[in-house]
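Asker: Sequence and computational prediction follow.
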Amino acid sequence: MIQINHNTFIDENELSFTASRSSGPGGQHVNKVSTKVTLSFDVLLSPSLTDDQKHLIMERLSGRITKEGVLQISAQDSRSQHKNKTEVINRFVEILASALYVRKKRRKMFIPMSVKIKRLENKRRRGLIKTNRKRVQY
């Protein structure tokens, strides 16, 4: 089980991994070994997520999800397939945790009248100081 946040867990059987050749320089090693790891997670068919969570993920990660509802994440930073697999799992947890984070609603603050009056009085005083700096016209 992979823990996403304090109340969301995803079974490792829901994740599928594919390995392919990495892009970029590296010589013969890159041409022979499949070290790039791609994680696929079907958001719509996941039994671990509620309908509200699925909707949130589909909405917030719409650029990363295919039309079929599959979230794909890849890692190719390391030369080791095992390190890339752990890296892609860590990215998956971070991405899902940020997508499922519920932001607090902003409450409008009440500003007392005394604070408003004090602010306007300070502005008036500061303006008087600045007008007294000007050259006097006779």
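Answerer: Sure thing, it's come through.

Asker: need the helices for this structure, in chain order.
Answerer: 28-32, 51-60, 81-100, 113-132 (DSSP state H).

Asker: Can you say which of those helices is packed in most?
Answerer: Most buried of the helices of the chain, by mean neighbour count (mean count of other CB atoms under 10 Å): helix 81-100, with a mean of 16. Where C-beta positions appear, they are placed from N, C-alpha and C, glycine not excepted.

Asker: State the mean pLDDT of that helix.
Answerer: The average pLDDT for helix 81-100 rounds to 83.

Asker: what's the distance between the spatially most central residue of the chain and Ile57?
Answerer: The chain has Ser98 as the residue nearest its centroid, 4.4 Å off, counting by CA atoms, centre = their mean. For Ser98, the distance to Ile57 under the criterion CB to CB, to the nearest Å works out to 10 Å.

Asker: and if you look at Val115?
Answerer: Val115 is 43 Å from Ile57, where distance means CB to CB.

Asker: how much space between Glu94 and Glu87?
Answerer: Between Glu94 and Glu87 the distance, using CB to CB, works out to 11 Å.

Asker: whoops, Thr50 was the one
Answerer: Distance, Thr50 to Glu87, by CB to CB: 28 Å.

Asker: Repeat that for Asn132.
Answerer: As judged by CB to CB, Asn132 and Glu87 stand 65 Å apart.

Asker: Can you name the residues that contact the spatially closest residue to Val37 that is not a sequence neighbour?
Answerer: Leaving aside its chain neighbours, Val37 sits nearest to Asn84 (4.2 Å; criterion: CB to CB, 6 or more residues apart in numbering). With CB atoms under 8 Å, 6 or more residues apart in numbering as the criterion, the residues that contact Asn84 are 35-37, 75-78.

Asker: Most neighbours among the residues you listed, please name it.
Answerer: Sorting those by how many neighbours each has (other CB atoms under 10 Å) puts Val37 first, at 25 neighbours.

Asker: Identify the bridge partners of that one.
Answerer: Ala19, Ala75 (DSSP bridges).
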